[in-house]
Structure formats: structure tokens, C-alpha cells
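> Just need the structure, nothing else, for what follows:
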Amino acid sequence: MNLRNMLITAILFCLTIPCSESLLAQESFTIYLVRHAEKSLEDKSDRNPELTDCGRQRAESLAYFFEQVDIHDVYSSNYSRTISTAQPVADSKNTKIQIFDPKQTESFAKILKQTGKNALVIGHSNSTPSLANALLQQADAFPQIDESEYNDILQIVFMGDQVQATVFKSNFRCRE
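The predicted structure is shown next:
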């Protein structure tokens, strides 16, 4: 299934979820959480590596994935790999990337909830699940992401007092 079909499937799935009138009347917003794309491993001592060619392709595919999704804010930690992953989506949404501290997931989760806007957050293998857990208020709903995993797109939907989490698996493949 390509990214376009995955998006259509996700939209159709969301449209088929039965909603009571009270839920429809409540404010809702969605936070998407994504780990940065593939980073260069050439210099193991480099704490701020750039994306690989494959990582840049994955970042572009995210812009395509989110093309029809209403995103108001795009957030990234202050690292080259996360900013480069977020940039294509920010460009496509005509918005600037807002920097967050990946070590402050609890306070950042509160800010995201208070803002109440649809947002994309690009983080790391440890901060992405930590932020998801903070948003869900569940300590271990999502484990740390394996260093070789880049395909998860976490969707957390807030509808009044209800919260629903869904994990989408991208089938993105690099073009050599």
C-alpha cells in the first residue's frame, strides 16, 4: 500500500467511526508524532548528524502524506535531523517550525493540549514515545523506538475528554 492509499484508508477509517452528537459538538484536535528520518552514521561522534539521502526522501514523503491533513503547527527539536525531517511539511503548510525541548515532554504535552490545534511533532526514538505517553497520560503506552525504525506515524486524537491513539505504519521505501 503506497502512502496515498494509506492516507485514504486512514481518512475512510476515521469517517466510519461512529460518533455521538455530543462528541461531534466537542472541540477536537489531532497531534501527529513522528521520529526523525534516517540520519547519517558516518561520524559516530557527531551528535547532530544530517539526514541521509534516504532520510531526505522520507521527509519529502511525509509532506506528501500530510498533504490533505489539516496541520496548523509543526514542531521539531533543535537538531539538524529533526528540523530537516519537519521542513518539507512546514513548507507545504506555509508555517514555520517551532522548536521544543525533547527533554521536557511532560510540559510540552501540556502546551500541546492547551493550544488545542492540529500539530505535527518531529522527535527522536526516545522523545517521541515519551511525548505520546505524556499526551495519553499513560506511563508505558508506547515503548522507546528501536534505532532502526522510522516507519511509525503516531496519531493522537483529542475529542473533549476522550483520547484515541492510532499507529500508522509507513511503507516508504528509499529510491536508490
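> contacts, neighbours, all on C-alpha from now
OK.
> Just want the most central residue of the chain.
Leu33 (2.3 Å; CA atoms, centre = their mean).
> any idea how far that one is from Glu147?
16 Å (CA to CA, to the nearest Å).
> before we move on, what about Thr105?
19 Å.
> In terms of neighbours, single out the busier of these two.
Comparing Thr105 with Glu147 by other CA atoms under 10 Å, the one with more neighbours is Thr105, at 20 against 11.
> List the residues that contact the nearest residue to the more buried one once chain neighbours are set aside.
Nearest residue to Thr105, sequence neighbours excluded (CA to CA, 6 or more residues apart in numbering): Leu131, at 5.1 Å. Counting by CA atoms under 8 Å, 6 or more residues apart in numbering, Leu131 touches Thr105, Glu106, Phe108, Ala109.
> Look up how far Asn151 lies from the third one.
What that stands for is Phe108. Taken as CA to CA, the span from Phe108 to Asn151 is 23 Å.
> one step back: so the residue nearest to Thr105 lies in a strand, does it not?
No: counting by DSSP: H, G, I helix; E, B strand; the rest coil, Leu131 falls outside a strand, being helix.
> Just the pLDDT at it, thanks.
Leu131 is assigned 98 on the pLDDT scale.
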